[in-house]
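Trainee: Prediction below, plus the sequence it came from.
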Amino acid sequence: MLCADAVAGWHASWLSAFGLRSERDANAWRALDRPHFIYFAAVTLRPEAPAEAVRRAPGSICDAWQMLDLEPHGYRIFRQEPWFHRPAGPLPDSTPSELEVVRVKTEAEVEELELVSVRGFGDEDATIEPGMVHPAAVLDDPGMALFVGRVDGRPVGASMGYRTDDAVGVFGVTTIASARRRGYGSALTRAAMLTETGLPAVLAPSKLGEGVYRRLGFEPVGALSIWSKAGPGR
């Protein structure tokens, strides 16, 4: 439940920053307007949630307990990921001396995070129109914490933490290809965990990132499925 709640909160925050609507009930969080494709359009909030609670979502669906069969409704499983959890507790600061971890507070810093995130998850030379995937209006949500990592003033990575009442969800941890394997991803993850809150941390890692998170004390506690509409294209 901690994982699903954090994911739903993080997505609701970004959709709100775009001016898009969403709603939530006991079964699921749902977008009412179609979000950018990197965001979910629905998240189940309990194992018993029926397909009816999410099947009309305007985009991909996070089946947080892998309990749904959405194929009869035109969906296919796009990807599956584990849920990781770390209990609340201190974490030694092993930030490399050359890395500056900055908490994002201004529109310009959000644009910096957005660009380095796009480059970290894709091509290091990629460009993007500011606000296309991460609008600065998200700074209005006190639950959202954004971080940029810089070396010699150059952005090399990013991370995000979203605080709910019961946990901190860690999202969007990335490092550009030329700056990997130097401890930057671990340092940015640590920042996003908001350990000062005294809350446990949760995340859904990629296969490549699992080792990093295990070294930080995360352990698998379940798995999710991402459903998308069947058909050509992504």
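Mentor: Received it, and whenever you're ready, just let me know what you need.
Trainee: Of all residues in this structure, which one is nearest the centre?
Mentor: For the chain, the residue whose C-alpha lies nearest the mean C-alpha position (Cα atoms, centre = their mean) is residue 171; its distance is 2.9 Å.
Trainee: Would you agree it falls within a strand?
Mentor: Yes - the assignment for residue 171 (DSSP: H, G, I helix; E, B strand; the rest coil) places it in a strand.
Trainee: What pLDDT is listed against it?
Mentor: Looking at residue 171, its pLDDT stands at 98.
Trainee: Kindly report the same for residue 208.
Mentor: 83.
Trainee: what's near enough to touch it?
Mentor: By Cβ atoms under 8 Å, 6 or more residues apart in numbering, the contact set of residue 208 is empty. (C-beta placed from N, C-alpha, C; glycine too.)
Trainee: secondary structure class for it?
Mentor: Per three-state DSSP, residue 208 ends up coil.
Trainee: mind showing which ranges of the protein have poor pLDDT?
Mentor: Low-confidence segments of the chain (pLDDT under 70): 230-234.
Trainee: which strands and helices sit next to the longest helix along it?
Mentor: What stands out as the longest helix in the chain, according to DSSP state H, is helix 2-18. Judged by 3 or more Cβ pairs under 8 Å, 6 or more residues apart in numbering; DSSP states H and E, helix 2-18 is in contact with strand 22-24, strand 28-31, strand 42-44, strand 75-86, strand 154-163, strand 168-175, strand 201-203, strand 219-229.
Trainee: Any chance of these in a markdown table with distance to residue 119 as columns?
Mentor: As requested, the helices and strands packed on helix 2-18 are exported to a markdown table (distance: least, Cβ to Cβ, whole Å):
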| stretch | distance to residue 119 |
| --- | --- |
| strand 22-24 | 28 |
| strand 28-31 | 27 |
| strand 42-44 | 27 |
| strand 75-86 | 22 |
| strand 154-163 | 8 |
| strand 168-175 | 8 |
| strand 201-203 | 21 |
| strand 219-229 | 23 |
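Trainee: Good, we can wrap up now.
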